[in-house]
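# got a predicted structure plus its sequence, pasted below:
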Amino acid sequence: TERTLVLIKPDGVERSLVGDIISRIERKGLTLVALELKTASDEVARGHYAEHADKPFFPSLLEFITSGPLVAAVLEGPRAIAAFRQIAGGTDPVEKAVPGTIRGDLALNTQYNLVHGSDSPESAEREIAIWFPELAG
Ligand code: ATP
């Protein structure tokens, strides 16, 4: 079994899509082991997206991710990392995410793409330590 860190980004909370997205996670069969409404500080946002610090969209991404409440969650299950990324769809909600996925069904814009999911076991461990230090280790 595996754990992954998922965010329902501020656009998902703003658009009242939290229930829909959590329902998709539950229907997939993934188990929620932590779930909390949080507002990211600048420090948490920079830590979470550290790998993108040099990208042109980084300032805009930081502003967006700290703009309001988001839902942070830890999911568990067999191949949880890949399973969540499958139901999320590709980063670009139009060019990459296919219908049936969270982004393919519900998003239009690459920045405002509703969700984040860890992309590797190492990322998951690092991100869980940022958002849920009490679960780390
Ligand atoms: P996440 O890491 O959030 O799951 P991802 O792995 O699909 O998304 P990354 O390439 O890691 O995508 O980019 C992180 C986030 O930065 C994206 O989810 C999106 O919100 C934003 N982003 C990525 N590319 C762009 C872009 N070209 N313009 C604006 N925002 C972008």
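Yes, it's here. Numbering: from 1, shown residues only.

# return the residues of this structure in contact with the ligand.
Taking C-beta under 6 Å from any ligand atom as the measure of proximity, the chain contacts the ligand at 52, 57, 61, 91, 110, 111, 113, 116, 117, 119. To be clear about C-beta, it is placed using only N, CA and C from the backbone, and glycine gets the same treatment.

# may I see those organised as a markdown table, with pLDDT and distance to residue 25 added?
What follows is these, written out as a markdown table (pLDDT from 0 to 100; distance: C-beta to C-beta, whole Å):
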| residue | pLDDT | distance to residue 25 |
| --- | --- | --- |
| 52 | 98 | 24 |
| 57 | 98 | 26 |
| 61 | 98 | 23 |
| 91 | 98 | 18 |
| 110 | 98 | 22 |
| 111 | 98 | 22 |
| 113 | 98 | 16 |
| 116 | 98 | 13 |
| 117 | 98 | 10 |
| 119 | 98 | 17 |
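
# show the buried residues in these.
61, 110, 113, 116, 117 (16 or more other C-beta atoms under 10 Å).

# so residue 87, which state does it fall into?
The three-state label given to residue 87 by DSSP: H, G, I helix; E, B strand; the rest coil is helix.

# quick one, what contacts the residue nearest in space to the middle of the chain?
Closest to where the C-alpha atoms of the chain average out (C-alpha atoms, centre = their mean) is residue 116, at 2.1 Å. Residues near residue 116 by C-beta atoms under 8 Å, 6 or more residues apart in numbering: 5, 6, 7, 9, 48.

# that's a strand at it, yeah?
Yes - Residue 116: assigned to a strand according to three-state DSSP.

# and it, what are its bridge partners?
Applying DSSP bridges to residue 116 yields these beta-bridge partners: residue 7.

# can you give me the buried ones in the host helix or strand of residue 72?
Element membership for residue 72 (DSSP states H and E) is strand 70-77. Residues of strand 70-77 classed as buried by neighbour count (16+ other C-beta under 10 Å): 70, 71, 72, 73, 74, 75, 77.

# cool, and stretch 99-107?
Buried, per 16+ other C-beta under 10 Å, within stretch 99-107: 101, 102, 103, 104, 105, 106, 107.
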